[in-house]
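Student: the following block contains a protein sequence and its predicted model.
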Amino acid sequence: MAEHSSIERQQPNTKHLWKVFWILLILTGLEFAVAFGIDADHYKWTKIGIFVIMTIIKAYYIVGIFMHLGSETKAFIWTIVLPIIFVLWLIVALLVEGDYFGVEKFF
């Protein structure tokens, strides 16, 4: 007969997961409200800014909770986050310096 081990099973933390679920659901609902409620002609950059901020918040929760990065050491988190920041800075710098934002005036 097999002996029972003294290791106890860890209880699932469903309360925390439900909290994250409701936060992500509310953010998604706000994204839909912004997408269909704000006039894109007059508030284009405001709408884009709101989407970028909400996307960063949602990415934080998804990566931190579901990909378990929130429980890692700070050094490991920075080895992932810092290159992403530099790549985003590179993209923005290339778009600005390449005069991408001024193309609309020629059409």
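Tutor: That came through fine.
Student: assign residue 7 to helix, strand or coil.
Tutor: Under DSSP: H, G, I helix; E, B strand; the rest coil, residue 7 falls in the coil class.
Student: count of residues packed around it?
Tutor: 6 (other Cβ atoms under 10 Å). Backbone N, C-alpha and C define where each C-beta goes, glycine included.
Student: could you chop the protein up by domain?
Tutor: 14-71, 73-107 (automatic domain parsing).
Student: what about residue 24, neighbour count?
Tutor: Neighbours around residue 24, by other Cβ under 10 Å: 16.
Student: so which of the domains of the chain is nearest residue 7?
Tutor: domain 14-71 (20.3 Å; Cβ to Cβ).
Student: and the closest one, end to end?
Tutor: From its first residue to its last, domain 14-71 covers 17 Å (Cα to Cα, to the nearest Å).
Student: again with stretch 66-76
Tutor: 17 Å.
Student: next one: that stretch to chain centre, how far?
Tutor: 15 Å (Cα atoms, centre = their mean, to the nearest Å).
Student: what lies in contact with that stretch?
Tutor: Outside stretch 66-76, the residues within contact range by Cβ atoms under 8 Å, 6 or more residues apart in numbering are 20, 63, 64, 77, 80.
Student: columns distance to residue 96, secondary structure and pLDDT on top of the residues you listed, output as CSV?
Tutor: Listed next are these as CSV, based on distance: Cβ to Cβ, whole Å; DSSP: H, G, I helix; E, B strand; the rest coil; pLDDT from 0 to 100:
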residue, distance to residue 96, secondary structure, pLDDT
20, 35, helix, 86
63, 27, helix, 84
64, 30, helix, 82
77, 28, helix, 80
80, 25, helix, 83
